[in-house]
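J.: just need the structure, nothing else, for what follows:
(one chain, ligands or ions: 1)
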Amino acid sequence: MKLVFAILIGIFSSNSFATEASHANTDYSKIQKQHTARILQQKSTNEEILKANCKYESDISEKPPAKKIALTFDDGPIPGHTEDILAVLKKHQAPATFFIVGEHAKAHPRLLELILSDQHHLIGNHSWDHPNFHELTVTDQLSEITKTESLLQETGEKLFRYPFGNSSCEANQMVKSHNYKIVGWHVDSCDWAFSQNGEMNIADRALCGVTPENIDDYVGHVVSQIKKRNGGIVLLHETHRYSIMKLDELLTKLEQEGYQFSSILDKEFSTSLK
Ligand SMILES: [Zn+2]
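T.: Residues are numbered from 1 along each chain as shown. Down below sits the predicted model:
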């Protein structure tokens, strides 16, 4: 299995994210490798073992409220991207939660203010520099969270999402003891796997469960994944220009399919938060 991992990760790492790197000081190829590593390990490990370690439980197994969607955008804020996302959300009157990376928020405080200037939106803590929590001590995990918390000045409910969704029982305990609600997702858009041209390589298709009719069709793929769950918390990222360009089309299609956009703090999502 290790060899398969190494080969697959080699394939994934060949995807070019060089153009994205210009938007922030983040190594997106590294982030993509972590995403693929997560899905590969999740798929190849016994469910009971994952459960016992509270690993990867960011993938919410419980049913979401029917026909309700809570949009979430991770890894920002990013100049040029955040503004475009906000404009599309406004057009559709869709509330969203932005899971903020502390070092990006420090670099772009104006964008944080812009998000919060629309009362429909929420911000959540997504660590300081997006490390893999499975590789950190609890002390280092806590400092990732508190450093970002001091910047976000969250009011109301404190929300946290694990980078890559990489939870553990120990970390869960620590995060909850600091009064955070942990937010996972029902639907992973796999936006990170689509290239600038909207294409996806064969290995990613298999990992993301892309069916033949949705090959190279980002919107079609995400809608099909949402239909499978009949709604839910949707994981999206601020990092990818292509999926941001497609956001208006995605939200329009979802509205046509009879879905409604809700806040993550709406009562009907309360059982989805930990
Ligand atoms: Zn992230």
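
J.: H35 touches N166, doesn't it?
T.: No. The criterion here is Cβ atoms under 8 Å, and H35 misses it with N166 at 10.3 Å. Bear in mind the C-beta positions are built from the backbone N, C-alpha and C, glycine included.

J.: which residues are in contact with each of these two?
T.: Applying Cβ atoms under 8 Å, 6 or more residues apart in numbering, one finds that no residue jointly contacts H35 and N166.

J.: name the element I123 belongs to?
T.: Under the criterion of DSSP states H and E, I123 resides in strand 122-125.

J.: and for F73?
T.: strand 68-76.

J.: run the chain-centre distance for the helix or strand just after that strand.
T.: Where DSSP H and E defines the elements, the next helix or strand beyond strand 68-76 is helix 81-92. How far helix 81-92 lies from its chain's middle: 17 Å, per Cα atoms, centre = their mean, to the nearest Å.

J.: mind listing what's buried in helix 81-92?
T.: Using 16 or more other Cβ atoms under 10 Å as the burial criterion, the residues of helix 81-92 that qualify are 81-82, 84-86, 88-89, 92.

J.: ok, and what's touching that helix?
T.: By Cβ under 8 Å, 6+ apart, the surrounding residues in contact with helix 81-92 are 23, 71, 73, 76, 95-96, 98, 108, 111, 114-115, 118, 120-121, 238-239, 241, 244, 247-248, 251-252, 255, 261.

J.: now, those residues that are in strands?
T.: 71, 73, 76, 96, 98, 261 (DSSP state E).

J.: residues in contact with the last one?
T.: F261 makes contact with 68-71, 92-96, 251, 254, according to Cβ under 8 Å, 6+ apart.

J.: could I get the residues you listed in TSV, plus columns for distance to T139 and pLDDT?
T.: Compiled in TSV, the contacts of F261 are given as follows (distance: Cβ to Cβ, whole Å; pLDDT from 0 to 100):
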residue	distance to T139	pLDDT
K68	38	98
I69	37	98
A70	32	98
L71	33	98
H92	42	98
Q93	42	97
A94	38	98
P95	35	98
A96	32	98
L251	41	98
L254	42	98
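
J.: so among those, which ones count as buried?
T.: Buried among the contacts of F261 by 16+ other Cβ under 10 Å: 68-71, 92, 94-96, 251, 254.

J.: is the ion contacted by stretch 181-189?
T.: No. Residues of stretch 181-189 contacting the ion under Cβ under 5 Å from the ion: none, with a closest distance of 11.0 Å.

J.: tell me which other helices or strands the strand holding I123 touches.
T.: If you count contacts as 3 or more Cβ pairs under 8 Å, 6 or more residues apart in numbering; DSSP states H and E, strand 122-125 packs onto strand 96-100, helix 109-116, helix 138-152, strand 158-160.

J.: per-residue pLDDT of the closest residue to H130 other than its chain neighbours, please?
T.: Nearest-residue entry for H130: P163, 4.5 Å, with adjacent residues in sequence omitted and distances by Cβ to Cβ, 6 or more residues apart in numbering. In this model, P163 is scored at 94, pLDDT.

J.: and for P163, the neighbour number?
T.: Burial measure for P163: 24 neighbouring residues, criterion other Cβ atoms under 10 Å.

J.: what sits against it?
T.: So P163 contacts 34, 126-127, 130-133 (Cβ under 8 Å, 6+ apart).

J.: would you list those in TSV and tack on distance to the ion, neighbour count and secondary structure?
T.: Shown next, in TSV, are those (distance: Cβ to the ion, whole Å; neighbours: other Cβ atoms under 10 Å; DSSP: H, G, I helix; E, B strand; the rest coil):
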residue	distance to the ion	neighbour count	secondary structure
Q34	9	20	helix
H126	6	28	coil
S127	8	26	coil
H130	6	21	coil
P131	10	16	coil
N132	11	16	coil
F133	11	24	helix
